[in-house]
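S.K.: Sequence and predicted structure below; questions after.
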Amino acid sequence: DIEMPRMNGIEAIEQIRCLHPDVPIVILTGFSSDMRRTRNAGAQKVLNKPVSLRDLEKEVRELL
């Protein structure tokens, strides 16, 4: 998520990319304005909340 304590979602993506450049990242957000920022940071998918389990499973399967 974008709004987390201590580290925001963009910072988390950047940290993950440094440690694991090839791991797929799916962001869950309640703010449609974050879609561009998270994709630019390296997320493969951005899903708007509320997210159904079915939609999340579909996206994860496609990435894996």
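M.R.: That came through fine.
S.K.: which other residues reach the worst-scoring helix or strand of the chain on mean pLDDT?
M.R.: The element with the least model confidence among the helices and strands of the chain, by mean pLDDT, DSSP states H and E, is helix 34-41, at a mean of 81. Around helix 34-41, the neighbours that count as contacts under C-beta atoms under 8 Å, 6 or more residues apart in numbering are 2, 9-10, 13-14, 17, 27, 29, 46. Quick note: C-beta positions are derived from backbone N, CA and C, even for glycine.
S.K.: same thing with stretch 24-33?
M.R.: Under the criterion C-beta under 8 Å, 6+ apart, residues 1-2, 9, 13, 16-17, 34-35, 38, 42-49, 51, 56, 59-60, 63-64 lie in contact with stretch 24-33.
S.K.: Narrow those to those in helices?
M.R.: With helices taken from DSSP state H, the overlap with the contacts of stretch 24-33 comprises 9, 13, 16-17, 34-35, 38, 56, 59-60, 63.
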